[in-house]
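Engineer: the following block contains a protein sequence and its predicted model.
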Amino acid sequence: MKKIAVLVLIAGMAIFGASDAFAYAIGGKVIYNKMMDDYSDLDYENNLSGGAFFDLGHVIFDSLRFRPGFDWVDLENDYHDETVYGIHIDWYWFFMQKKSSFAPFIGFGPALNYRDWDDDDDQTDDNDSDAGIEVFGGCEFHLTGSLYLLAEGRFVIHDIADTGTRILKGAVGVVYYF
């Protein structure tokens, strides 16, 4: 419960700190997940997943954008089947002009990772949640009109109390600005 309260507090601060409460863009992405550390040692398979986000405007200064979103990743091996749903509170810093044909960015954000798993041993459904953190970088490429191509890489720690829960993510997606 404490994790949810902290995430709601962070989200509230970010939303009320934004210049206005209006969605400027919506985006979706396809994500390649490369398992590392404990995930790799447990023979979890690298896989594809997806995600979506909203651009809710700038925070503090014009080049810092607030983009909450969600994604999921499947953690599967021969004995374990788990899906992790991530709710992200991300800040993107576009350090060059935002509306150019090439807009690189770096960013960070906390995440609430909701774990839903089904172990084959006892046939029970269990759920858990963990606070995580992500750092990322990438760029947006202007395609046409209001449509942009997004390419990004992320370093993810699913559980900040267990740093062995790391994943490298590579994503390609589209962003539509209103």
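Structural biologist: The structure has been received and is ready for your questions.

Engineer: all strands for this structure, in order.
Structural biologist: Across the chain, reading from the start of the chain, the strands by DSSP state E fall at 25-35, 47-55, 58-59, 61-76, 80-94, 102-119, 125-144, 147-159, 162-177.

Engineer: quick one: strands adjacent to the longest one?
Structural biologist: Okay, so that is strand 125-144. Here strand 125-144 has these sheet partners by DSSP bridges: strand 102-119 (antiparallel), strand 147-159 (antiparallel).

Engineer: model confidence over the longest one, on average?
Structural biologist: Confidence over strand 102-119 (mean pLDDT, whole number) is 88.

Engineer: show me which helix or strand of this protein is least confident by mean pLDDT.
Structural biologist: Of all the helices and strands that make up the chain, helix 2-17 has the lowest average by mean pLDDT, DSSP states H and E, namely a mean of 56.

Engineer: contact partners for the spatially closest residue to residue 45 that is not a sequence neighbour?
Structural biologist: Among residues not flanking residue 45 along the chain, residue 76 sits closest, at 5.6 Å (Cβ to Cβ, 6 or more residues apart in numbering). Every residue, glycine included, has its C-beta placed from N, CA and C. Going by Cβ atoms under 8 Å, 6 or more residues apart in numbering, residue 76 touches 44-45, 47, 82.

Engineer: and for residue 140?
Structural biologist: Taking Cβ under 8 Å, 6+ apart as the contact definition, residue 140 lies against 102-103, 105, 148-151, 175.

Engineer: circling back: and the contacts of residue 76, which is closest to residue 138?
Structural biologist: Within those, distances to residue 138 taken as Cβ to Cβ reach their minimum at residue 47, with 20.1 Å.

Engineer: residues touching that closest one, list them.
Structural biologist: The contact partners of residue 47, taken as Cβ under 8 Å, 6+ apart, are 32-33, 73-74, 76.

Engineer: now it: how far from residue 67?
Structural biologist: Distance of residue 47 to residue 67, given as Cβ to Cβ, to the nearest Å: 24 Å.

Engineer: also residue 100?
Structural biologist: As for residue 100, its distance to residue 67 is 18 Å (criterion: Cβ to Cβ).

Engineer: neighbour count: these two, which is higher?
Structural biologist: More crowded of residue 100 and residue 67, by other Cβ atoms under 10 Å: residue 67, with 22 against 12.

Engineer: okay, now residue 45: neighbour count?
Structural biologist: By other Cβ under 10 Å, neighbour count at residue 45 equals 13.

Engineer: pretty sure it is touching residue 34, no?
Structural biologist: No - because the distance of 10.4 Å does not satisfy Cβ atoms under 8 Å, residue 45 is recorded as not touching residue 34.
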